[in-house]
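Trainee: I would like to see how this sequence folds:
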Amino acid sequence: MATYIVGDLQGCLDELLLLLDKVKFKPKKDTLWVAGDLVARGPKSLDALRYLKSLGKSVKIVLGNHDLHLLAVSLGLFKAKDKDRTAAILSAPDKKELLKWLRKQPLLAEHEQFVMCHAGISPQWSLDQARSAAKEVEAILHGKEWRWLIENMYANQPDRWHEKLKGIERYRYIINAFTRMRFCTADGRLDMACKLPPNKVKDEGLLPWFEVEQRIPLSKTVIFGHWAALEGYQNNDVIGLDTGCVWGGSLTMLRWDDKTFFTQNALV
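Mentor: Now for the predicted structure:
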């Protein structure tokens, strides 16, 4: 039994299948963890959803910002972005089944030794707080009010966590932290504007979320995607797996059991 973890797919299914073939992935024995953004700019978003769904209990998935945006587009709240290649999903005969399956995925997935989310864990959260926050939003996504949540989640405020946050402001912060966060200010406020690599940021007041000095220590490694500009990143308790396959980079997979990395260059 092996545990494999892969960064953002964004519809790059062929590269994923090549990686799985390389490691001789066996769904009946092994588990595949996917760090969100299953769909969007790559050529096979529909096929990627169908394949991952077919794996059943052999796959663990978290939602990314592009996955949530697909749900918003499916509700008619927004038009698909010009670069998104998700139209096939919205016209597929199994559209409703696939989108319902997607909506039922969590924001945070937990292993005995690590946690996985799309963008990261707020530096203001303990692991218990992160677990609780994820469950709050997941309960709404899985219930009858999910349309209301999707419709109202788009904004950059509040940018700082407080247990007294209520309603959509509370849920919006949680979604932004788990699916959109990259940089924070020195005091831990989320910054949603900057997408540059850390070494090109001239504003000394901005730090990657995992380098905030007052970040609460966690008892498990955090594995995330979302930030292709990091080109893969590792320190003692953080591993970033997005290496920009959809942008012509590569798809990166980690076999957790022996900490071996596998890469597949983009085919297009």
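Trainee: CA only for contacts and neighbour counts going forward, please
Mentor: Will do.
Trainee: Quick check: chain neighbours aside, which residue is closest to Ser74?
Mentor: Leaving aside its sequence neighbours, Ser74 sits nearest to Leu90 (CA to CA, 6 or more residues apart in numbering; 6.7 Å).
Trainee: in terms of contact, does the one you found touch Leu75 like I think?
Mentor: No - judged on CA atoms under 8 Å, Leu90 makes no contact with Leu75 at a distance of 10.1 Å.
Trainee: what about these two, which has more around it?
Mentor: Remark: of Leu90 and Leu75, Leu90 carries more neighbours, 17 against 13, as counted by other CA atoms under 10 Å.
Trainee: Strands of the stretch 51-200 of the chain, start to end?
Mentor: 59-61, 109-110, 114-116, 183-185, 190-191 (DSSP state E, counting those that start in this stretch).
Trainee: isn't Ile223 right next to Gln113, touching?
Mentor: No - the criterion here is CA under 8 Å, and Ile223 misses it with Gln113 at 10.6 Å.
Trainee: ok, the two, which is more surrounded?
Mentor: Taking other CA under 10 Å, Ile223 and Gln113 do not tie; Ile223 has more neighbours (25 against 10).
Trainee: Tell me the secondary structure at that one.
Mentor: Using DSSP: H, G, I helix; E, B strand; the rest coil, the structure places Ile223 in strand.
Trainee: quick one: pLDDT of Lys200?
Mentor: On pLDDT, Lys200 comes in at 88.
Trainee: now it: how far from Leu206?
Mentor: 11 Å (CA to CA, to the nearest Å).
Trainee: ok, these two, which is more surrounded?
Mentor: Each of Lys200 and Leu206 has its neighbours counted (other CA under 10 Å); Leu206 has more, 22 against 8.
Trainee: Report the beta-bridge partner residues of that one.
Mentor: Note on Leu206: beta-bridge partners by DSSP bridges are Thr185.
Trainee: For it, list the residues it contacts.
Mentor: 183-186, 191 (CA atoms under 8 Å, 6 or more residues apart in numbering).
Trainee: What lies in contact with stretch 26-41?
Mentor: Residues contacting stretch 26-41 (CA under 8 Å, 6+ apart): 1-11, 45-46, 48-49, 55, 58-67, 70, 83-86, 116-118, 223-226, 246.
Trainee: Next step: the residues you listed restricted to helices.
Mentor: 45-46, 48-49, 65-67, 70 (DSSP state H).
Trainee: Could you save the residues you listed as JSON lines and add columns showing distance to Ala130?
Mentor: Listed next are the ones in helices among the contacts of stretch 26-41 as JSON lines, based on distance: CA to CA, whole Å:
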{"residue": "Ser45", "distance to Ala130": "29"}
{"residue": "Leu46", "distance to Ala130": "30"}
{"residue": "Ala48", "distance to Ala130": "28"}
{"residue": "Leu49", "distance to Ala130": "26"}
{"residue": "Asn65", "distance to Ala130": "17"}
{"residue": "His66", "distance to Ala130": "21"}
{"residue": "Asp67", "distance to Ala130": "20"}
{"residue": "Leu70", "distance to Ala130": "24"}
